[in-house]
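no FASTA, just this:
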């Protein structure tokens, strides 16, 4: 089936907009993806390295409070610590606000979708309240720069990020025979190694064994993080000697991060990794049961390009099945809210100038009601791709309530529902939705009916 600009924006992007032209072709989509990241400019998010408040800010404040206890400076130190916590909570909403602005006003919706796809693939959760605001900066630093480039580069950046290291307790992993383990009576933690093989690279059913998990875990010892240095390599806690992962030996001399990086780069271009990533991308964008021939072609292109993700995307976008009019996927809650605001053409200034309370009311709290608490998936495997996970009684009640109430809160003048149905669903909306939009008693009801329709929930 031929390329369709409406499907391009709905299935592969952030939804239709009355003000932003959709891509003209699959080649146009790839050109936008590999071009400048304009959305990141209009709504900046700091990197993990540059974020405020940083882990070091919290560490310094805690130390200052401990030093000031029982002195005249205790009250000021307590207030500083409280302010940092308040600023961290505010940053969570500010970064959600920026991500909404990007999604609503981008002309490269494929980049926004891919950024969230890979952030979910490399899921992290805050391990304490003071780290809740650090997830978006982690994505900005470790994920977003690599979505159109080398998967190996992304993998290396993720494994070296303090967010991943702390989330999977890698900082507590020490080689059983290392100097640090013998001094502190600590041992090996296999969490990161297991997730790397099971979730991030070869996938469940990939050609690895428990021995590979343990060997990789031993190789990863030394990868650690703290507030002052971020992610770094500490040779004193690395397991001495060489480790063999999938039949390849790494290390053997002085422990080094280079040995870890070499293993990660090999894992990135393993044939099982190529198949795992290709299948997961096809499931996310096109179908719960993608055509195996397409998956194999995507994997082959990826391997031929030495792990360049763009080669894999290009095959997916050139496949006729990707443009089938049958919508087999359900929008996750964030995408539902963002695509609704995009169809409504909510102005950029309205989004960026919203109060934190407005962001929480319009997006953060509704996301929780719909089943997708912001940046807090249940496990390391991220959010479910199954439609049944999202189309639940509570989830649909949340979507319907949002559709009927929020549009009139964010816009002074709502569009005519008779026009809006085409803005939201394209030139050929389903007849029942078109009829309902035309028959609505009020403008607000008409908008709500379109947004709550099954046609708008699917892509």
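That came through, no problem. Worth saying up front: this structure is predicted, and the values here are computed from it rather than measured.

can you pull out the strands in the stretch 201-350 of the chain?
Along the stretch 201-350 of the chain, the segments classed as strands by DSSP state E, counting those that start in this stretch run 223-226, 230-233, 242-245, 248-251.

Generate a markdown table for those, with mean neighbour count as supplementary columns.
Heads up, the C-betas are built off the backbone N, CA and C, glycines and all. Listed next are the strands of the stretch 201-350 of the chain as a markdown table, based on neighbours: other CB atoms under 10 Å:
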| stretch | mean neighbour count |
| --- | --- |
| strand 223-226 | 20 |
| strand 230-233 | 18 |
| strand 242-245 | 19 |
| strand 248-251 | 17 |
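
Tabulate those (CSV), appending distance to residue 1.
Listed next are the strands of the stretch 201-350 of the chain as CSV, based on distance: least, CB to CB, whole Å:
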stretch, distance to residue 1
strand 223-226, 46
strand 230-233, 45
strand 242-245, 42
strand 248-251, 43
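
Make JSON lines from the ones you listed and add mean pLDDT and distance to residue 212 to it.
JSON lines is the format used below for the strands of the stretch 201-350 of the chain (pLDDT from 0 to 100; distance: least, CB to CB, whole Å):
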{"stretch": "strand 223-226", "mean pLDDT": "97", "distance to residue 212": "17"}
{"stretch": "strand 230-233", "mean pLDDT": "97", "distance to residue 212": "21"}
{"stretch": "strand 242-245", "mean pLDDT": "98", "distance to residue 212": "5"}
{"stretch": "strand 248-251", "mean pLDDT": "97", "distance to residue 212": "10"}
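
To residue 217, which of those lies closest?
When the strands of the stretch 201-350 of the chain are compared by CB to CB, strand 242-245 sits nearest residue 217, at 8.7 Å.

And stretch 429-443, what's buried?
Within stretch 429-443, the residues that count as buried by 16 or more other CB atoms under 10 Å are 429, 433-434, 436-437, 440, 443.

and it, what's its mean pLDDT?
The average pLDDT for stretch 429-443 rounds to 97.

what does stretch 55-65 give?
Rounded mean pLDDT across stretch 55-65 is 96.

For it, what is the distance to the chain centroid?
The chain centre lies 29 Å from the centre of stretch 55-65; the measure is CA atoms, centre = their mean, to the nearest Å.

Buried residues, it. List them.
Of all the residues in stretch 55-65, those buried under the rule 16+ other CB under 10 Å are 55, 57-58, 60-61, 64-65.

Of these, which is the nearest to residue 283?
Nearest to residue 283, judged by CB to CB, of the buried residues of stretch 55-65 is residue 55 at 34.9 Å.

Am I right that the closest one is in contact with residue 163?
No. Look at residue 55 against residue 163 with CB atoms under 8 Å: they stay out of range, at 9.9 Å.

Now for residue 284: which residues touch it?
Contacts here follow CB atoms under 8 Å, 6 or more residues apart in numbering; on that basis residue 284 touches 117, 329, 385.

let's see 7 Å
Contacts for residue 284 were tallied using CB atoms under 7 Å, 6 or more residues apart in numbering; they are 117, 385.

Check residue 98 too.
Going by CB under 7 Å, 6+ apart, residue 98 touches 43-45.
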